[in-house]
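> Just to be clear, the model below is a prediction. Sequence and coordinates:
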Amino acid sequence: MNGASGNTISVEGPGCYWSTSSLNSWIHITSGAIGGPSGGTIAYTVDADSGAGRSGTISIGLAGFVVIQDGPTACTYSLSSQYVPSAGGTYDIGAGPQRAWTASTNASWITLNPGPGTGSGNLSFTVAPNAAALIRMGSIQINSQNFTVTQFGGTCSYVVSPSSINISATGGQSQISIETDNSCSWTVDNPASWVTPSLKNGLYLFGVGTLTCTVTANTASQARTATLIVAGQPIAINQAGLGIQFTSQSVVNGASFLSGPIAPGELIAIFGSGLGPSQGYGLEMTPDGHYLSTSLGGTHVLFDGMAAPAMALS
């Protein structure tokens, strides 16, 4: 290209957010400076060049898009950048008919077809699969110009620890570490209202990170459990309940509800929390029907190791 013109760049990268900027004053971003996570289009213009030609760069996230501009008398080549999936493949560079070139590459994973040397017309190259999670960049030198090849990484892997967190009834904080490659994104899914991660649902982070998990106090007698999904992996959040809560003042006379010493044969009432199952139980008899049962909902009241008859549990 030589005169001022409008051009577009197609950006692909599912799940990724990116920002764009020009590294040269003669290249102007007109739209699409910020985008993601489903890709998009960047539009830019280039000022006219009266010299012998020049090259510049547009920064797109972690990648660079090279803009090559010929002078008014230079031989024009159809060169741009190439984005390649992790699986690799074979591609053509359109140099145009009768255009002589000398080509080489600085990347071992890029193969020129049939090989480095001179030729004319289109140039074919093959990109090997990328088994790593990180993206990689290489270039093909055609005469004095660079053709940039950017290849996306393969499947990301994550190490998330610990796999479970135990928190007391009073609540508190715990940290979760995430180990992965810098190009790998991860997010958090939290279904429990009493668990608050430092990263909000739906927001993406990249690479190694630490997540702080805050758990509120559990005012119930029963324990509770929630599952936090971090980088696609489940983290069990186990919080203890308050358990059995009562004092000597909670044991009162069954008729007057006054606390104090108790005597054999006396009807008493016990108040507290966590003393039995959440549902209430009424009067139950032994199987022969002659005596009151000493167990209601699996709960016993022992005096010197002896279970006392129980009338109600609520």
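That came through fine.
> Name the residues of stretch 298-310 that are buried.
Within stretch 298-310, the residues that count as buried by 16 or more other Cβ atoms under 10 Å are 301, 309-310. Quick note: C-beta positions are derived from backbone N, CA and C, even for glycine.
> Give me the distance between stretch 303-314 and the centre of its chain.
Offset of stretch 303-314 from its chain centre (Cα atoms, centre = their mean, to the nearest Å): 52 Å.
> who touches that stretch?
275-277, 280-284, 291-297, 299-302 (Cβ atoms under 8 Å, 6 or more residues apart in numbering).
> what's the first-to-last distance across stretch 256-271?
End-to-end distance for stretch 256-271, by Cα to Cα, to the nearest Å: 14 Å.
> chain center to it, what's the gap?
For stretch 256-271, the distance to the chain centre is 58 Å (Cα atoms, centre = their mean).
> what's it in contact with?
By Cβ under 8 Å, 6+ apart, stretch 256-271 touches 246, 248-255, 301.
> same deal with stretch 168-183?
With contact meaning Cβ under 8 Å, 6+ apart, stretch 168-183 is reached by 62, 132-135, 153, 156-162, 165, 167, 186, 205-218, 228, 230-231, 235, 239-243.
> now this protein, which segments are flagged as low pLDDT?
Applying pLDDT under 70 to the chain picks out residues 1-6, 13-16, 50-53, 70-80, 94-100, 120, 183, 201-204, 273-278, 312-314.
> buried set for stretch 113-123?
Those would be L123, for stretch 113-123 by 16+ other Cβ under 10 Å.
> Among the contacts of stretch 168-183, name the buried ones.
In the contacts of stretch 168-183, the ones that pass as buried (16+ other Cβ under 10 Å) are 133-135, 153, 156, 160, 165, 167, 186, 205-207, 209, 211, 213, 215, 218, 228, 230-231, 235, 239, 241-242.
> Dig out what T111 forms beta bridges with.
Assessed by DSSP bridges, T111 has beta-bridge partners T126.
> Correct me if wrong: it contacts T126.
Yes - assessed by Cβ atoms under 8 Å, T111 is found in contact with T126 at 4.5 Å.
> before we move on, back to that, please, a PyMOL command that selects the buried ones among the contacts of stretch 256-271?
The PyMOL command for the buried members of the contacts of stretch 256-271 (criterion: 16+ other Cβ under 10 Å) is given here:
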select buried, resi 251+252+253+301
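> Format the contacts of stretch 256-271 as JSON lines; extra columns: secondary structure and distance to S81.
Shown next, in JSON lines, are the contacts of stretch 256-271 (DSSP: H, G, I helix; E, B strand; the rest coil; distance: Cβ to Cβ, whole Å):
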{"residue": "F246", "secondary structure": "coil", "distance to S81": "73"}
{"residue": "S248", "secondary structure": "helix", "distance to S81": "80"}
{"residue": "Q249", "secondary structure": "helix", "distance to S81": "79"}
{"residue": "S250", "secondary structure": "helix", "distance to S81": "76"}
{"residue": "V251", "secondary structure": "strand", "distance to S81": "81"}
{"residue": "V252", "secondary structure": "strand", "distance to S81": "83"}
{"residue": "N253", "secondary structure": "strand", "distance to S81": "88"}
{"residue": "G254", "secondary structure": "coil", "distance to S81": "86"}
{"residue": "A255", "secondary structure": "coil", "distance to S81": "90"}
{"residue": "V301", "secondary structure": "coil", "distance to S81": "79"}
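> As CSV, the contacts of stretch 256-271 with distance to V149 would be great.
Formatted as CSV, those follow (distance: Cβ to Cβ, whole Å):
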residue, distance to V149
F246, 73
S248, 79
Q249, 79
S250, 76
V251, 80
V252, 83
N253, 88
G254, 86
A255, 90
V301, 78
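> ok, of the contacts of stretch 256-271, which one's closest to A48?
F246 (87.4 Å; Cβ to Cβ).
> Now the closest one: closest residue in space, sequence neighbours ignored.
G272 (2.8 Å; Cβ to Cβ, 6 or more residues apart in numbering).
> Contact partners for the one you found?
G272 touches 244-247, 250, counting by Cβ under 8 Å, 6+ apart.
> again, 7 Å this time
Shown in contact with G272 (Cβ atoms under 7 Å, 6 or more residues apart in numbering): 244-246, 250.
> In this structure A132 contacts G154, no?
Yes - under the criterion of Cβ atoms under 7 Å, A132 makes contact with G154 at 6.4 Å.
> what about V301, distance to G88?
74 Å (Cβ to Cβ, to the nearest Å).
> Cool, thanks, talk later.
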